[in-house]
Each structure stands twice: as C-alpha cells, then as structure tokens.
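Student: quick one, structure for this:
(chains A and B)
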Amino acid sequence: MHSDAKALHRQARKWPTFLLALIFFLGLWNSTAQPRSQAQDMPAKDPAVERGRQQFGQSCGFCHGPDATGARGPDLVRSPLVAHDVKGNLIGEVIRRGRPDKGMPPLASMTDEQVADIAAFLHERAKESLESAGIPRAYPVEKLLTGNADAGKTFFNGAGGCKNCHSPTGDLAGVVGKYSPVELEARMLYPGRRKEGPRSTALVTLRSGEQIKGQVVHADDFVVSLRDASGWYRSFSRDRVKVELQDPLAAHRELLDKLTQADVHNLFAYLASLK
Amino acid sequence: MLSQFSETIKTELLNSLLRIVGVPFALRNARAAILLLFLALTVCAPFLSAQGPTAQGLDPAALLKPATNTWPTYNGDYSGRRFSPLDQINATNISSLTLAWIFPVHIAEIKSTPLEVNGVLYFTTPDNVWAVDARFGREVWHYQRKSEGDHIGNRGLGMYKNWLYFTTPDAHMICLDAKDGTVRWNVELADPKLGYFATMAPLVVRNHVIAGVSGDVTDVRGFLESLDPDTGAIQWRWYTEPDPGQPGSETWPKDSDALLHGGGMTWMTGTYDPELNLLYWGTGNPNPVLVGEGREGDNLYTCSIVALNPDTGKLVWYFQPSPHDVHDWDAVETPVLFDAQFQGKPRKLLAQASRNSFFFVLDRTNGQHLVTAPFIDQTWASGVDSRGRPIAKPEAAPSPDGVLVEPSSDGGTNWMAPSFDPQTGLFYVNSRRIFSVFYRTTEGKAEGWGGRDRNLWANSTLRALDYKTGKVVWNHELGRGSTIAGILTTAGHLLFTADNSGNLLALDPAAGKTLWHLNVGGELVASPMTYQLDGRQYLIVPVQDILYAFALPDHVATPRPSSR
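Tutor: From the prediction side, this is the model:
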C-alpha cells in the first residue's frame, strides 16, 4: 500500500502475486494519486456472481449466512474446499449430494448453471476477503466524515497553525476533487510522500564564506547536493561546509505528534467542506 | 601458508575459548589468562593445524561454537546475537577496508543471510539457491525451482551435515545436496491454495529441521514444525493456536471458528539454548488482521515469544508482547539470548525489540518478565500491566473513519536483525518512527485483513539500548523512510549496518559515531555477516541483488592487531 517500492515490497510479503497484479488492474490501489473517477473504481461485476449471490441466498444462506460467512453451517469464505474448487468441480458435488452426516441436505435438482453461479459467487467472496487488505479507492467520503467542520475550521485557523502556510481560497482551492477521500486525508496529515511534494532547501556556506542556496537533491550524513539558483547541480562534502536545511514539511511532522483523533476528523470535515 | 593457517586456528580457538569462559565481559582482568592461553595454543598449534577441515559438510559441533571460520546458521550461532568474535577488521584499521569481490545475482533482492561452511557461501532469493566460493566470489552451483505463491523474500538456509534446507513460495521444504545443489527430497509444509507460503531460514537443532510458515491474507492457523533431516518426515507440529479446550484456548471466543482460523505465522528463524534445550520462537499477528471483533480475548499464542522443547514441540512457557493485536505487529523479531548481570545477579536472558515498538527482557529459563520499555515513540499503549505487557488504548484500534497511530503496521522495527554486543553490553535495533492511519474497511464479519493502514511520514534511527532498563544509550539517525537493514557487531569494536541513503556504515558500538562509510548505490535489505578464512576476515553485505565481500588489504591484515 505504499508508493515507495521498498515499503510496497515489504508489505506485500503476505500477498499472493496474482492478487497484487489483479488489484493493480482493477485500479484499487489506494495510494495511486490519480484524479478520482468513480467509473474507474468499480470493476464490472460478473453477472454470474450476482446470479450466484441470489441463488446462494435462497438455497444456502439460511445455514451459511447470506454472505457465506457462516451461521448454523460453516463459513464458506475460508473453506479449504472452496479454495481448491475450480468452476464448481468440488462445490457442485457437495451441493448435490449434501453432507448428511453434518445435517446438510442434498440439493440434487440444482442445474449445472446454478452450481457454476454459486461457485462464482463463493470465489468472489474469497477474493473480496483477500482484497480487504487494501483500502478501496472508492472508499466513501461519508465514512470519514465523523468530525465537526466548525471545530476543524477553528483548529485550522488557531491551534493547528495550518493557516500559516495554507488558505482555503489559495492552495487548497479545489483540493477536494483532486484526490480520493483516503488520499486527501493522508495528504492533509503529511503531503510529503509524492515526488512533486515540496522540497527542502539548503543554504551551504563554504569555508571562504561564499553561500549557495538551492533545492536539495540529496542529503545524508556525508553529502549534500542541490540545484542552485541557476539550475545547476552542485554537491558538497558535509565535513567541509556548513549546511542549514529548511524543510517546509517540518510543521506537519510536529503536528503529527500533537494531533488527537478528534483533531484529525474535525480537520478533515473542514477540508472536505471546502468547495 | 601453513603457519598463517595455524595462526588463524589459534586466533579462532582463542576467541572461542574467551567466549566460553566469559572473558569478553572481563577482558581487562584477563590478560594473564590470555597470555597463558596463547602459550598453550602455541604449543598445541602443530596438532591443531593438522585437524583442518577435510569433509565438506557441516560438522554438527560447529553449531555450538561462536561463528568464526564458519557461519553455519541464519544468525551465525544459536544465540541470535549477531556478534562475531572476529577482530582482524577493527576500529583502528576500518579505514583500510576494501572490496574483495562482488557477486551479482541479477534476479531478486537478497534478503537472506548467507551460510558459510568450509569455504562456501550458501544463500537464497525466492526460488533460488546459490553456492559461491567464499574466498573468491565464484559460483559453485545455482539451484532454481520456479513456483507459485508469494515471492516477497527468502531469508536463507539451514544446514545439517551435507544437506541444505530451503523453504519456498509455495510452502515446500526442499533438501539439497550442498555439494552440487541436487534435490534429495521435497515436501509440502502447508497448502499454498489456502494462502500459506514460506520465506524463513530453517533452524537445525541436532536432528531436527525446524520450519515455520507465512501467510495472513487468509485466516489460516499458524504452526511450527520439526522435520527429519534425512527424510522430511514430520517429527512434531506445534500450532500457534491451541486445540479447543487446551490451555490458551480460553483466550478465544467459545463456540466460534475463530480459534482455528487465528493466524500467528512463524515466519522468522528462532533461537536455541543448548544447555536448557529450549527453542525460542516469535509468532505473528492474529487473524483477521485489523479487526478484533469476533476474536475477543488475548488470542494466545499469537504475537508471542514461545519456548518449546525441540524434541517434542511442547510449550514450556510463553510471553505475549501484543495481546489481542489489531495492528499486524508480529512478535517474530529475533529473540536474542545472552547471559549477563541483572539486578546484581547473573541471569540467562532473552531480549526482543518487538514490532509494536517495545523492548522486552525475559528470564529465558522460565519466561519471567524483567523489562518492558518503548524503544521509540509510540501512541498505541497507555501503560504496561503487571505482567509486563503493554496496555492497548481502545481508541487506537482501526476504525471506519481512520485512526492515527504510531507505529504503522510495518512496526517500530521489523524482521531485520538486531544485535547484542557483549563487549558493550548494549542491544542494538534499527527502528522507525512511522505514522499511519488505520482504517477498518469491512462491515459484518471480517475475513482476511478487514482493513488496512495508510502510511504517512517515516524516519529511521539505530538505537543502542541498555538491556537492564531498555533506555536509549545512544541514537544514530539513518534518514527518511523506513529501514530494513540488519546489524552485525564484532569483537573488532565495530557495528555494521546501513543508512537509508545507500551508505554502508561502520559505527563505534560504544557511542554510535561513524568510523567508515561507503555509498554502495543501493539499500541493505538484509543483514551483514562475517567469517575468517586463511587468516583473512571477510565482511559480506547483500545490497539489493548484489553480494559485496569486503576485506583488509594484505599489508593491513597481516600484522594482526592481537596486541590491542
């Protein structure tokens, strides 16, 4: 769930590769910062899944629950038999023969099409369970709107110190439409993960007293490099120069240490109210 | 050559003996003893050098010795300390360190720690095993077996006599002939169709090959098992969740299938105390991962450190760093074993810097809790209970509107190797500040994860901890982002790791100051290791998909710094 490849790779340790690929294709990747488009967010449902959902609800839901997560009968979303089934080849036999020893009656009249639909539905449910490890890009804004916009506005203009750098009619104008709700909330808290995010500036003082200022390209314990005012790349060994770094996101980081959960929700409610 | 060889043996044996008699802690008071040992070894040298290795397999006795000319198991030895008694490369000559060779694999990031046995390195990436000449960096053989399943990483191998043990993305265990990489046997550990896979380096304890499994996108039951090294037959299997009705099952809801779908993967290599004959293992998060409703209770033995009898797989004691976890904070980080003073008494200790950002010290004979302290900022716990367990704030649980928590699901640390240096008495851990918003996204009965967190800002820092209190003694910033670099300490008064800018670092383990660095053009995503062959100490560092070997130039290495 992370844009940097390392973190993505690490978090993905528990993800089957096929699923990763699938989620990329479905556009569910929550941290892709593309303009929101509801049409892209919803994958086309296989009609067999919908038919299967109805059939399952009528014939099986009483014992297995309408969502197949179990009731009197077992949870079929986590069923090993469903995991091994291919297009109903195992599920069909259980449906038609039943499990008399466990109190499941046979449904011998079920047609091949009905079995295939139920299998498609159960596989879809298992897939939804796997996909629950990602935040859908279409995650509705209503779920995030538990705060008080007025309190958020007060925080924005007061204790939060947001207005020192941001303005609802300036840089924040139109920001609501640019990102998915979850992405907007993340960027509200810390906008620095994207490459286009604001960069640190460095002021380098040479031993001669000459000063060079510019946007930081790289900084570690040993080297600082920047693009100077003329656009040229320059690098310095840190043990030979004095370096002052100015990070425009420092205030965001300081705020992360102070925010309460209520502050987060209030501030988001205020931000979401800006049109 | 011969005299150099016997010198090496002497140095290594001396180091071994010093370790065995506990000298590193009392080095200054033991000069007379060292001189006596030197004299004894000089007299014995002709006999010792005649006992040089002839067989190419692993002498089982090597597993019980400090790693010097051999690095026979994932952590180098059973203790998990990642402290090497080698000191040819040391604080006074580190500036002369130079490249010995480079071995690029061009396939995937190397997350394994190589084994080194009789001059051959054995290391892995998912689906791949290499045997490489440890002196010259040339390939001896390469084994490849393509498989389905999660290819997130592979941590390395276990070895027993002439046989290597390798786990795979489709949750198999494969036994290879170390001579040529041919397959001796291949067994399935768990059903990959149910979501299991395997990444860990098996741990060999006498005639037990101990294997753990991975996989938490589905709600399956974690386990650890022991295989027969010759046949792959199961000797025992210990399930992370107890059977219904057994002790521990009361920490799960009754009349529900939660217990048997409770997760708790065993995906990192544990440690072992040969004297106590106890195996120490960390277990992963419970399932469903971010949703605790439906699995009310502590959820034993998930997110736990367990002590098992390696011959029977029976639980001897447990300690749970994260009761009823809802943040994916696996407690699989290495349970590091060392003997040291605690409150005026010598104790057999176990220490873990856990993914939930807390450092724990236990008495490893019985699991008695001694220390609990956060090693980095965290916002999820309100305090520590009488049993030494952090108390989770209810409001830090994932919610539909998102909850801001530090650390993220990636944790205050993760699987990268920590280290304990007996010379400084400090415990080292690469740690991160990561803020994240945890969303519970599913409604109704959760299955799998049931939600996810969205990472915000991250920053990394190496922390040196006083094991007696958990307090931070020194701090070395590693830069923006979240490190997964491991740590190695050595008797040469060096700590090896890497920062987040592609620099390998050698630090002073006493104070954290940088003594040497090199931009290697990529990140360390595994842990450094070291060994000495023919009188030359090698430092091996995997950097992404390249194995780097460093050593001292001959003119620096030859006048040994033993007089230090």
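Student: pLDDT on the helix ranked longest in chain A, on average?
Tutor: Ordering each helix of chain A by length in residues (DSSP state H) puts helix A:112-131 first. When pLDDT is averaged along helix A:112-131, the result is 95.
Student: same thing with stretch B:112-124?
Tutor: Predicted confidence along stretch B:112-124 averages 97 (mean pLDDT).
Student: do it and chain A meet at all?
Tutor: No: contact between stretch B:112-124 and chain A is absent, the nearest approach being 14.1 Å (criterion: C-beta under 8 Å from any C-beta of the partner chain). Where you see a C-beta, it was placed from the backbone N, CA and C, and this is true even at glycine.
Student: how about the CA coordinates for that stretch, as CSV?
Tutor: Below are the C-alpha coordinates for stretch B:112-124, written out as CSV (Å, rounded to 0.1, in the frame of the first residue of the first chain):
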residue,chain,number,x,y,z
SER,B,112,18.9,-13.9,3.1
THR,B,113,21.9,-14.1,5.4
PRO,B,114,24.4,-16.4,3.7
LEU,B,115,25.7,-19.5,5.5
GLU,B,116,29.5,-20.1,5.2
VAL,B,117,30.7,-23.7,5.6
ASN,B,118,34.1,-24.9,4.6
GLY,B,119,34.8,-22.0,2.3
VAL,B,120,31.5,-22.0,0.5
LEU,B,121,28.7,-19.4,0.9
TYR,B,122,25.1,-20.6,0.6
PHE,B,123,22.4,-18.0,0.1
THR,B,124,19.0,-17.6,-1.4
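Student: quick one: neighbours of residue B:498, just the number.
Tutor: Residue B:498 has 29 neighbouring residues, counting by other C-beta atoms under 10 Å in any protein chain shown.
Student: spit out the contact partners of it.
Tutor: Residue B:498 makes contact with B:478, B:483, B:485, B:504-505, B:520, B:523-524, B:541, B:543, according to C-beta atoms under 8 Å, 6 or more residues apart in numbering or on different chains.
Student: next: residue B:374.
Tutor: Shown here is residue B:374, whose contacts under the criterion C-beta under 8 Å, 6+ apart are B:357-359, B:381, B:412, B:470.
Student: circling back to that earlier point, so which of the contacts of residue B:498 sits lowest on pLDDT?
Tutor: residue B:523 (90).
Student: how close does that residue sit to chain A?
Tutor: For residue B:523, the distance to chain A under the criterion C-beta to the nearest C-beta, to the nearest Å works out to 7 Å.
Student: how about the contacts made by that residue?
Tutor: Residues in contact with residue B:523 (C-beta under 8 Å, 6+ apart) are A:6, B:484-485, B:498, B:500, B:502, B:543-544.
Student: nearest to residue B:83, of those?
Tutor: residue B:485 (16.8 Å; C-beta to C-beta).
Student: what's the burial count for the closest one?
Tutor: Counted with other C-beta under 10 Å, residue B:485 comes out at 25.
Student: now swap in residue A:87 and tell me
Tutor: Based on other C-beta under 10 Å, the number of other residues close to residue A:87 is 12.
Student: ok, now residue A:133?
Tutor: 26.
Student: now it, nearest residue through space, not along the chain?
Tutor: Closest residue in space to residue A:133, ignoring its immediate chain neighbours: residue B:449 at 3.6 Å, by C-beta to C-beta, 6 or more residues apart in numbering or on different chains.
Student: can you pull up the bridge partners for the residue nearest to residue B:467 when sequence neighbours are not counted?
Tutor: Closest residue to residue B:467 apart from its sequence neighbours, by C-beta to C-beta, 6+ apart: residue B:427 at 5.0 Å. Listed beta-bridge partners, residue B:427: residue B:420, residue B:465 (assigned using DSSP bridges).
Student: is it true that residue B:427 touches residue B:349?
Tutor: No: with the criterion set as C-beta atoms under 8 Å, residue B:427 and residue B:349 do not qualify as a contacting pair; they are 9.9 Å apart.
Student: picking up where we left off before, so after the longest helix of chain A, what's the next helix or strand?
Tutor: Next along the chain after helix A:112-131, taking DSSP states H and E as the criterion, comes helix A:141-144.
Student: any buried residues in that next one, and which?
Tutor: A:141, A:143-144 (16 or more other C-beta atoms under 10 Å in any protein chain shown).
Student: now it: mean pLDDT?
Tutor: For helix A:141-144, the mean pLDDT works out to 96.
Student: can you pull the residues that touch both of residue B:427 and residue B:349?
Tutor: Counting by C-beta under 8 Å, 6+ apart, the shared contacts of residue B:427 and residue B:349 are residue B:467.
Student: between these two, which one's more packed in?
Tutor: Just comparing residue B:427 and residue B:349: by other C-beta under 10 Å the higher neighbour count belongs to residue B:427, 27 against 23.
Student: so the residue nearest to residue A:133 sits right up against residue A:135, yeah?
Tutor: No: using C-beta under 8 Å, residue B:449 is not in contact with residue A:135; the gap is 10.0 Å.
Student: could you tell me the end-to-end distance of stretch B:437-451?
Tutor: Counting by C-alpha to C-alpha, to the nearest Å, you get 11 Å between the two ends of stretch B:437-451.
Student: how about residue B:88, nearest residue that isn't a chain neighbour?
Tutor: Across the structure, with C-beta to C-beta, 6+ apart as the measure, the residue nearest residue B:88 apart from its sequence neighbours is residue B:537 (3.9 Å).
Student: wait, a strand at the one you found?
Tutor: Yes: under DSSP: H, G, I helix; E, B strand; the rest coil, residue B:537 falls within a strand.
Student: by mean pLDDT, point me to the weakest helix or strand of chain A.
Tutor: Counting by mean pLDDT, DSSP states H and E, the weakest-scoring helix or strand in chain A turns out to be helix A:5-11, with a mean of 38.
Student: just the helices in chain B please.
Tutor: With DSSP H as the criterion, chain B has helices at B:2-20, B:31-49, B:554-557.
Student: for the residue of the stretch 101-250 of chain B found nearest chain A, phi and psi?
Tutor: When distances are taken as C-beta to the nearest C-beta, the stretch 101-250 of chain B approaches chain A most closely through residue B:152, which lies 3.4 Å from it. Here is the backbone geometry of residue B:152 (degrees, to the nearest 10): phi -60, psi -30.
Student: so the nearest residue to residue A:241 once chain neighbours are set aside bridges to which residues?
Tutor: Leaving out its chain neighbours, the residue that sits closest to residue A:241 by C-beta to C-beta, 6+ apart is residue A:204, at 5.1 Å. When bridges are taken as DSSP bridges, the partners of residue A:204 come out as residue A:212, residue A:243.
Student: touching, residue A:204 and residue A:242? I think so.
Tutor: Yes: at 7.2 Å, residue A:204 counts as touching residue A:242 under the criterion of C-beta under 8 Å.
Student: the two: who's more crowded?
Tutor: Legend: neighbour count by other C-beta under 10 Å for residue A:204 and residue A:242, higher for residue A:204 (23 against 12).
Student: so which residue of chain A lies furthest out from the middle?
Tutor: Taking C-alpha atoms, centre = their mean as the measure, the residue most remote from the mean C-alpha position of chain A is residue A:208, 49.7 Å away.
Student: A strand includes that one, no?
Tutor: No: if the criterion is three-state DSSP, then residue A:208 is coil and not within a strand.
Student: which residues of the stretch 101-250 of chain A lie near chain B?
Tutor: So far as C-beta under 8 Å from any C-beta goes, the stretch 101-250 of chain A lies against chain B at A:129-130, A:132-136, A:139, A:143-147, A:182, A:185-186, A:189-190, A:192-193, A:218, A:220-222, A:249.
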